[in-house]
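Engineer: Provided below for reference: sequence and predicted model.
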Amino acid sequence: DTLCAGGIMYGQRGIAEMLNICKDIREVADPNVLLLNYANPMAMLTWACNQYGGVRTIGLCHGVQGGHRQIAQALGLEKKDVDIICAGINHQTWYISVKHNGEDMTGKLLEAFENHPEFSKTEKVRIDMLRRFGYYSTESNGHLSEYVPWYRKRSDEIMDWIDLGSWINGETGGYLRVCTEGRNWFETEFPNWMKEDPFVYAADKRSEEHGSYIIEGLETGRVYRGHFN
């Protein structure tokens, strides 16, 4: 994804197009416009846009929100009642502080995840990294295993760390399979979608993605605190 030779090739493909986008932005947008980048390789593309594209850019990844939700579930708490601080760069980012009502819960995460009926099976790589280094990763089990590849070094040991209940837990070639199936599914299902009622855009249906909250903050002055690249 964003590591070693594969990441560099991925970056060479993506950076050129991102710089084209930056060129368009410089020509038609206000000078202080903000580019929100969700594309990988996250660090490379965001870096390129800031340094060479001449456009103020931040990179956004939803791993932070997903792990935040997991941590709350593992601790038996509501997500809104758990305060987190993350540090790192995509996709090596860690929850360095987890608090509930001012109490530091960071040291309680390992036991909570080891004893969770679902996460103990689906997040084995993340739990092992937590056991070794003391911090939980923002990245999915499969994604993290790409960055610490000794978990995938021997074919007869991969299943010790990977759960096949969902591709994102580390299925080999899972992302390619899901994208291929999704493309085929889209071709058959798009006509049916067009017959359905349109989406209702309402506050109670809002996703956890940073983008809309950042735009809201820029437009209204409401403070939004998040973790960005």
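Structural biologist: Received, thanks. The model shown is predicted, which means the values in this text are computed figures rather than measured ones.
Engineer: where's the spatially most central residue of the chain relative to Glu208, distance?
Structural biologist: The chain has Gly63 as the residue nearest its centroid, 2.8 Å off, counting by Cα atoms, centre = their mean. Distance, Gly63 to Glu208, using Cβ to Cβ, to the nearest Å: 11 Å. (C-beta placed from N, C-alpha, C; glycine too.)
Engineer: cool, Gly182 as well?
Structural biologist: 21 Å.
Engineer: Tell me where the model's unsure across the chain.
Structural biologist: 1-2, 90 (pLDDT under 70).
Engineer: Quick check: Gly226 touching Gly217?
Structural biologist: No. If you go by Cβ atoms under 8 Å, Gly226 and Gly217 don't touch, sitting 9.5 Å apart.
Engineer: Around His116, how many other residues sit close by?
Structural biologist: Neighbours of His116 under the rule other Cβ atoms under 10 Å: 18.
Engineer: ok, now the one 10 residues further on?
Structural biologist: Here the number of neighbours of Arg126 (other Cβ under 10 Å) works out to 24.
Engineer: Now the closest residue to His91 other than its chain neighbours: phi and psi?
Structural biologist: Computed as Cβ to Cβ, 6 or more residues apart in numbering, the closest residue to His91 that is not its neighbour in sequence is Glu139, at 4.9 Å. Backbone geometry at Glu139, expressed as degrees, to the nearest 10, gives phi -90, psi 150.
Engineer: Might one say that Glu139 is in contact with Val148?
Structural biologist: No. If you go by Cβ under 8 Å, Glu139 and Val148 don't touch, sitting 10.0 Å apart.
Engineer: okay, those two: which has more neighbours?
Structural biologist: Glu139 (28 against 16).
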